[in-house]
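Engineer: predicted model follows, preceded by the sequence.
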Amino acid sequence: MPNDDKSSRERLPSTLERSPEKAQRTYLETLESAEKTYDGDEERAHRAAFAAVKHSFEKVGDHWEPKEHRGPSDAQAARGGSAARDGGGDTAEGVDANASKSHLLDVARRLDVPGRSKMSKDELVEAIERANRRETARARR
């Protein structure tokens with residue numbers, strides 16, 4: 001990890017603390033670079049770091065897991081540019097909305113989302129977002 005010291009690890013969001021080392025390293029390295037690039041705009045630097053994580057990882061419950069295929073996880077990430085830079089637009093909160101419905105059903109099953117078999121792909125993404133928020137809140141207690 002960049003500057004593999006306690007202060008670097010303390011900068012990790014709680015969901016990344018419970019995630020693979022590669023996800024942690026991706027976040028910290030991107031954050032360090034973005035802080036230099038965006039000179040003092042801490043919020044923008046953190047958004048850039050999360051965007052880098054979302055390219056290779058998806059949020060499942062209270063942590064991040066490697067995605068089957070690298071790439072943007074939702075329409076917001078695919079747009080990139082000024083919309084992503086300005087924080088405009090909706091994101092899927094780390095859910096890989098571009099994954100197959102079969103994959104989303106598997107994630108929903110692992111998160112014990114009720115009624116998942118009758119949900120559309122968009123409904124699955126929203127239900128997984130809610131389950132992820134619930135699991136993250138539970139892990140933080």
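Structural biologist: Great, that's in hand. Note that the coordinates shown come from a computational prediction; the quantities given were computed from them, not determined experimentally. Numbering: from 1, shown residues only.

Engineer: next SSE after the lowest-mean-pLDDT helix or strand in the chain?
Structural biologist: With mean pLDDT, DSSP states H and E as the measure, the helix or strand of the chain carrying the lowest mean pLDDT is helix 81-85 (a mean of 50). Read in the C-terminal direction, the helix or strand following helix 81-85 is helix 101-110, with elements assigned using DSSP states H and E.

Engineer: please name every helix or strand in contact with that following helix.
Structural biologist: Other elements packing on helix 101-110 under the criterion 3 or more Cβ pairs under 8 Å, 6 or more residues apart in numbering; DSSP states H and E are strand 57-60, helix 121-140. All C-beta spots, glycine's among them, are computed from the backbone N, C-alpha and C.

Engineer: please repeat the previous calculation with a cut-off of 7 Å.
Structural biologist: In terms of contacts (3 or more Cβ pairs under 7 Å, 6 or more residues apart in numbering; DSSP states H and E), helix 101-110 is packed against helix 121-140.

Engineer: buried set for the helix it packs on?
Structural biologist: Taking 16 or more other Cβ atoms under 10 Å as the neighbour-count basis, helix 121-140 is seen to contain the buried residues 124-129, 131-132, 135-136.

Engineer: now these in JSON lines, please, with extra columns for pLDDT.
Structural biologist: Putting the buried residues of helix 121-140 into JSON lines (pLDDT from 0 to 100) gives the following:
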{"residue": "Leu124", "pLDDT": "98"}
{"residue": "Val125", "pLDDT": "97"}
{"residue": "Glu126", "pLDDT": "97"}
{"residue": "Ala127", "pLDDT": "98"}
{"residue": "Ile128", "pLDDT": "98"}
{"residue": "Glu129", "pLDDT": "97"}
{"residue": "Ala131", "pLDDT": "98"}
{"residue": "Asn132", "pLDDT": "97"}
{"residue": "Glu135", "pLDDT": "96"}
{"residue": "Thr136", "pLDDT": "95"}
